[in-house]
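In: Structure for the following, please:
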Amino acid sequence: MPLKIGRNRNSNDIANVMDAIELNGNTTTVLLPENPSRIALHVNNNSETKGVWIKLQPASVDDKQKGIWLAKKKEGLSHWDMSPDNIYTGEVSAIADSGKPDVYVTEY
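Out: Predicted coordinates for the structure are as follows:
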């Protein structure tokens with residue numbers, strides 16, 4: 001039986017919890033490939049010292065530091081949840097403000 005979250009339906013009852021993804025400040029990194037079945041998404045910046053930008057576009061588009069800002073841990077909003085009512089199903093990418101912070105991604 002499909003699970004209902006918001007207005008979307010999911011035939012999977014298991015979330016895709018990914019290992020840490022290391023980012024850098026020079027090159028945009030793919031967090032998730034395109035997924036037409038995506039119903040929700042959570043991204044957590046685990047760095048105490050570096051911020052990151054989440055980009056709702058393919059990593060190949062550019063290496064600019066832009067998008068959804070996630071502050072370093074304990075200094076602002078260090079996570080982001082995609083609303084189940086407004087789902088982006090394309091490739092999700094990210095770039096660090098500087099250094100090599102780790103992010104954690106959970107996709108539903």
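
In: which SS state does the spatially most central residue of the chain fall under?
Out: Centroid-nearest residue in the chain: Val43, 4.2 Å away (criterion: CA atoms, centre = their mean). At Val43 the chain is in strand, as set by DSSP: H, G, I helix; E, B strand; the rest coil.

In: Val103 now?
Out: Val103 ends up strand, using three-state DSSP.

In: residues near the closest residue to Asn35 other than its chain neighbours, how many?
Out: Once flanking residues are discounted, Asn35 sits nearest to Thr89: 5.8 Å by CB to CB, 6 or more residues apart in numbering. (C-beta placed from N, C-alpha, C; glycine too.) By the criterion of other CB atoms under 10 Å, Thr89 has 14 neighbours.

In: List the residues that contact the nearest residue to Ser60 once chain neighbours are set aside.
Out: Leaving out its chain neighbours, the residue that sits closest to Ser60 by CB to CB, 6+ apart is Thr28, at 7.9 Å. By CB atoms under 8 Å, 6 or more residues apart in numbering, Thr28 lies in contact with 55, 59-63, 93-95.

In: thinking again about what came up before, I'd assumed Ser78 was in contact with the residue nearest to the centre of the chain.
Out: No: between Val43 and Ser78 there is no contact under CB atoms under 8 Å: 9.6 Å.

In: so what's in contact with those two at the same time?
Out: In contact with both Val43 and Ser78: Leu70, using CB under 8 Å, 6+ apart.

In: so where's the protein uncertain?
Out: Applying pLDDT under 70 to the chain flags the ranges 1-14.

In: Please identify the helix or strand for the closest residue to His42 other than its chain neighbours.
Out: In this structure, His42 finds its nearest non-sequential neighbour in Thr106, 4.5 Å apart by CB to CB, 6+ apart. For Thr106, the element it lies in under DSSP states H and E is strand 102-107.
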